[in-house]
Every structure is written in C-alpha cells, then in structure tokens.
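Q: Everything below, folded, please.
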Amino acid sequence: METPGKQAVRESMEAENLSRDREQLRLLLEVNNALVSNLELHPLLHAISAAIGRVVRHDYSSLCLYDEARDEFVMQALHFPGGTGLLHEQVVFKRKGSPTGQAFTDRTPLVIDNLDEKRFHNDVTSWLLAEGIKSACWVPLLRGKRCIGVLCVGNCHSSVSFDHEIVAALLSIGNQVAIAVENALAFKEIRELKDQLAKEKTYLEGEIRAEHDPREIVGNSTEWRQVLEQIEIVAPTSAGVLITGETGTGKELVARAIHEKSRRRTNTFVKVNCAAVPAGLLESELFGHEKGAFTGAIAQRTGRFELAHKGTLLLDEIGDVPLELQPKLLRALQEQQFERLGSSHTIKVDVRVIAVTNRNLSELLEQRQFRQDLYYRLNVFPIMVPALRERRSDIPLLVNHFVKKYAARLRRTIDVVPADVMNSLTQCEWPGNIRELENFIERSVILTRGTTLQVPLTELRNAPRGNPDTLQAMEREYIVKVLRECRGVIGGLYGASARLGLKRTTLNARIRKLGISREEL
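A: Modelled structure (predicted):
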C-alpha cells in the first residue's frame, strides 16, 4: 500500500509532467502559428530560428533544403550571431559524406556530441568545426514518404547534450517546418510563374502587333514545297535550325511555322534581332541583367533566353552577333544554362533555338568573324529559303493573297487583277523579294479606285526581264489601255493618272515620250 509520502511525491511528479506537457503543447502551438503565418521564405526562416530558441539553447541553427537534380543541399543559416561568415545563406554542399546527408538518407534524427571530421569528411563539417561547433542535432524534414531537407541545431560546448526530450521537440518542430517550407516554396513558385506569365503577356502583345502570321506562307512551286517538306520533318524534333536566304524571302515565317508545328507551340515564341540591338547591349538582351550590373541598369531584367523557357527562341541576323559574345552564346546553346549580367547564379532553361541570317556564314568563318564551333552548333538542320525570282510561279498566288489582305484591311472590294498586270508583276526581278512585293501591292490597293487593281508599274524600282524595246512596248500598251478605259481623261479622281498611281504631270510626260496620240484612244 502506498504511503502518504510516496503518494504526494507521485502526484507532484505527475503534476510536473502534466505541466511540462502542457507547456510543450503551448510552445508547439505558438511555433505552428508563427510558421503558418509566413508564406515568404525569408520571414519564415526568422520564424523558424525564433521557434528553435524557445525549445533549446543553441549557438547555431540552419535549414538545409535538398536539391534532387544536383544531389546537394542549399543551406540557409538561421541563427549564428558569433560566426565568422563561413556559414551563411545559400551555402551549397554535397549530400555524400555529411551528417546532414546521413540524417536525410536514414530519415531519423542524428545527434553528435563530439563532431569529428574523420567520421564525416565533408565541407560542411569543416565549416562547423572552424566556427567552433562541437555538438549538434540533425532532424529530417519529412512530408509523408518524402524528405525535403534537414534542420540542424548546434552548440559550441560539447557538454550541452541533446537529450531525448529535446530531440523529440525538435522532431515535432521539424514536422511543422517541413509543412511551412513546402508551402513557402509553393508560394514562391506560384509567384514566379505569375511574374513569368505577366512578362510573356507583355511580350506577346507586342508580337501580335508585329502581325507575323505563319498562315501567310503562300506558294505551290516545287522550290517552295521542298521548304514546306523540311518544315514538316524538323518541326516535331527539338533540333536547332539554321534558316538562310536573301532579305525579304520569309525566313521568319518559316521559323514561326516550325514553332507552330512543334510540341512547343503552346509556349512562347521569342524573337531577338541581333543586328538591331547595339553590340554592347546584346548580351543583356539575350541573358538579362541584375540591378546595378552596369550604368543605367536601374532594375533587374529578364533576358530573351529566360523568356523563351519551354518555347522557341528566334535569333534573327545571327551573323551580326559580336565575336566576343559568341562563346557565351555557344555555352547557352550547348548546356542550356547561363548567368545574367552581374550575377553568379546559373539559370537553367529549356529552349529551342532557330537562327536566321541573310549573310554567308561560310565567308564569315573564313574571315574569322564567326566561330566555327558555334556555326556547327547552329547548323544542325539547315533550310535555304529561295528568292522570289526562283519561284516565279508563286507570284500570282502571293499577289492575290496580298490584294485580299489589304483590301479587307482598307474595307474595299477588289475583284480583278488584270492579266497584263499580273504578267508584268511575274516578270519583275523583285530584289527585295516577298517583302518588296507585299509593300508594292499594299500601295497599289491604296491607289485603286473601283474593283480592278490599279498598279503603278512605271514606278517599280526594277524592271521585268527582257528586251528594253519590248518592255517599253508593254508599258505603252498598258497606258493606252487605261486611257481608253478612262475615255482619254487624265486628271481627276477617276482619271488615268489616279488609276496608274502617277502624278498628272508625270503621266503627260510618259505619253509624250511614248508617242501616244489621241487618235489611238
């Protein structure tokens, strides 16, 4: 039978244990409230440090988050007022051979009363010993069957032991920290995705205004069908493409068609004109920069490579990339990673690169203005876009397409392109290729009054192929035809000068030069 004295001692111990349990529960509740109220990572780290201080006196604490891709930890030092700076935020070390790695792998707390570098030969152990840390406890941060990192608490005195109760309390805090860290990381990822979407939206709104539509790929010639076949072959792959051809042949439309037919079509298509950006700013344009990286860098900027993550990057006029920038561009293409200007942090991306140029890269190689290794990296799948004069059978299709496009834009109805006009347009050399033809047709639509296209053939920068006498005869015949249709009227809104897109005085001069008489009308 229990004596009154023993009963009093037992009741006192039970009351003490109950009080301690209540205090621990209250403490854990405070810790939980502090952790769940912080979604930002840095405020959360301060809250974790304060929470640990309520449980155990310590000289050092850190949070080590695991990077599975690199099999290493990123350490966030939480509390170390007397440190020399060896242990600080963003310290990176390998998992293998470290006490942190053992706690992570075993999924159980690890307590070491006398830290020994022989047992754990790792950078982080050397840093801890150099800072005077002699005893420590490592607690895994568990989320179900996953471990997202390790919480470390250390002391400069080996006499301060981590007994069973303290380890249990740290393990309870670790469970709460795991939830809070996972929430903070998820919040950070959502915020970054939101920022990325905002950047892409701004960029795409600008691109929409550029009005480059892959549906404008028009043509049925043998030469053009070969290009279309090459697009179909390379589009489903992630191979780099080098598109060459003269100015105005539609190289960018080919690049966009490759993107639209690829698995990346739901992601961003980003373009940078390497010739339009000053050489000193091209690196920042491609890779971005940090605030203060150079004079005028008043804010952080995201580069085109980063904007094109998971999508396609078009490097227009690749032949104009400065020689000193080409090694960094080569590294970004090969390793899919780079650093912003003014930063040592490596950014990994998944980008398909399509390069475009109207220059002869082989000549630039011989002149040592273009790196050979970069050329081979870009020239995985070459596509040569033919000049318009090499696909003349496509000109009527292009003319009708552009007439329809600009007539709709100007809210006009143009039903007829005269056969002689089409023949003249087909015979022109068009040194500016499709771009020149499109601009010429747009001007013709603006000048047209009525439903028949009126073309200022006499103002073409280049003449059709053939004998000069024959060309002059064609011009004379066309002017006579228009004069007859206008019943000899030259000036006015519906006169021949308006239909031909010429000034009245210019048309009169051409009539005199060609010897056109009123009897012919």
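
Q: Starting from the longest helix anywhere in the chain, tell me the next helix or strand along the chain.
A: If you go by DSSP state H, the chain has its longest helix at helix 164-210. For helix 164-210, the succeeding helix or strand toward the C-terminus, using DSSP states H and E, is helix 222-234.

Q: For that following helix, list every residue counted as buried.
A: Applying a neighbour-count criterion of 16 or more other Cβ atoms under 10 Å, one finds 223-224, 227, 230-231, 234 buried in helix 222-234. C-beta: built from backbone N, CA, C; applies to glycine.

Q: Once you drop chain neighbours, what's closest to residue 290?
A: Leaving aside its chain neighbours, residue 290 sits nearest to residue 342 (3.8 Å; criterion: Cβ to Cβ, 6 or more residues apart in numbering).

Q: Would you agree the one you found is in contact with residue 295?
A: No: Residue 342 lies out of contact with residue 295 (Cβ atoms under 8 Å); the separation is 11.6 Å.

Q: Looking at these two, which is more packed in?
A: When neighbours are counted by other Cβ atoms under 10 Å, residue 342 and residue 295 differ, and residue 342 comes out ahead with 15 against 6.

Q: which ones are touching that one?
A: If you count contacts by Cβ atoms under 8 Å, 6 or more residues apart in numbering, residue 342 has them with 289-294, 297.

Q: most surrounded residue in those residues?
A: residue 289 (22 neighbours).

Q: what's the spacing between that one and residue 349?
A: Residue 289 sits 16 Å away from residue 349, going by Cβ to Cβ, to the nearest Å.

Q: what do you get for residue 146?
A: 26 Å.

Q: Show me which of these two is the more surrounded one.
A: When residue 146 and residue 349 are compared for neighbours, residue 349 comes out ahead with 18 against 12, by other Cβ under 10 Å.

Q: Just to check, that one is in contact with residue 307?
A: No: using Cβ under 8 Å, residue 349 is not in contact with residue 307, being 9.4 Å away.

Q: So residue 435 lies in a strand, does it not?
A: No: looking at residue 435 with DSSP: H, G, I helix; E, B strand; the rest coil, it is helix, so not inside a strand.

Q: For it, give its distance to residue 185.
A: 49 Å.

Q: Residue 262 now?
A: Taking Cβ to Cβ, one finds residue 262 at 31 Å from residue 185.

Q: again, but for residue 330
A: From residue 330 to residue 185 the distance is 33 Å (Cβ to Cβ).

Q: show me the contacts for the closest residue to residue 261 other than its chain neighbours.
A: Computed as Cβ to Cβ, 6+ apart, the closest residue to residue 261 that is not its neighbour in sequence is residue 235, at 3.6 Å. Residue 235 makes contact with 257-262 under the criterion Cβ under 8 Å, 6+ apart.

Q: Pull out the buried members of the residues you listed.
A: 257-260, 262.

Q: Now render those residues as CSV, adding pLDDT and distance to residue 273.
A: Listed next are the buried ones among the contacts of residue 235 as CSV, based on pLDDT from 0 to 100; distance: Cβ to Cβ, whole Å:
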residue, pLDDT, distance to residue 273
257, 93, 19
258, 95, 18
259, 94, 17
260, 91, 20
262, 94, 22
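
Q: just these now: which is nearest residue 269?
A: Closest approach to residue 269 among these (Cβ to Cβ): residue 259, at 4.8 Å.

Q: okay, now residue 319: neighbour count?
A: 20.

Q: Next, residue 441: phi, psi?
A: phi -70, psi -40 (degrees, to the nearest 10).

Q: Tell me the spacing between it and residue 313.
A: 31 Å.

Q: Those two - which one has more neighbours?
A: Remark: of residue 441 and residue 313, residue 313 carries more neighbours, 27 against 24, as counted by other Cβ under 10 Å.

Q: ok so that one is a strand residue?
A: Yes: under three-state DSSP, residue 313 sits within a strand.

Q: Now for residue 349: which residues touch it?
A: 305-306, 308-309, 332, 336-338.

Q: Weed out the non-buried ones from these.
A: Buried among the contacts of residue 349 by 16+ other Cβ under 10 Å: 305-306, 308-309, 332, 338.

Q: The residues you listed in strands, which ones?
A: residue 338 (DSSP state E).

Q: Kindly reformat the buried ones among the contacts of residue 349 as a markdown table containing distance to residue 118.
A: Shown next, in a markdown table, are the buried ones among the contacts of residue 349 (distance: Cβ to Cβ, whole Å):
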| residue | distance to residue 118 |
| --- | --- |
| 305 | 45 |
| 306 | 44 |
| 308 | 49 |
| 309 | 45 |
| 332 | 43 |
| 338 | 40 |
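
Q: Serialize the buried ones among the contacts of residue 349 to JSON lines and add fields for pLDDT and distance to residue 486.
A: Formatted as JSON lines, the buried ones among the contacts of residue 349 follow (pLDDT from 0 to 100; distance: Cβ to Cβ, whole Å):
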{"residue": "305", "pLDDT": "94", "distance to residue 486": "58"}
{"residue": "306", "pLDDT": "92", "distance to residue 486": "60"}
{"residue": "308", "pLDDT": "91", "distance to residue 486": "55"}
{"residue": "309", "pLDDT": "92", "distance to residue 486": "60"}
{"residue": "332", "pLDDT": "94", "distance to residue 486": "61"}
{"residue": "338", "pLDDT": "93", "distance to residue 486": "64"}
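
Q: Out of the buried ones among the contacts of residue 349, list just those in helices.
A: 305-306, 332.
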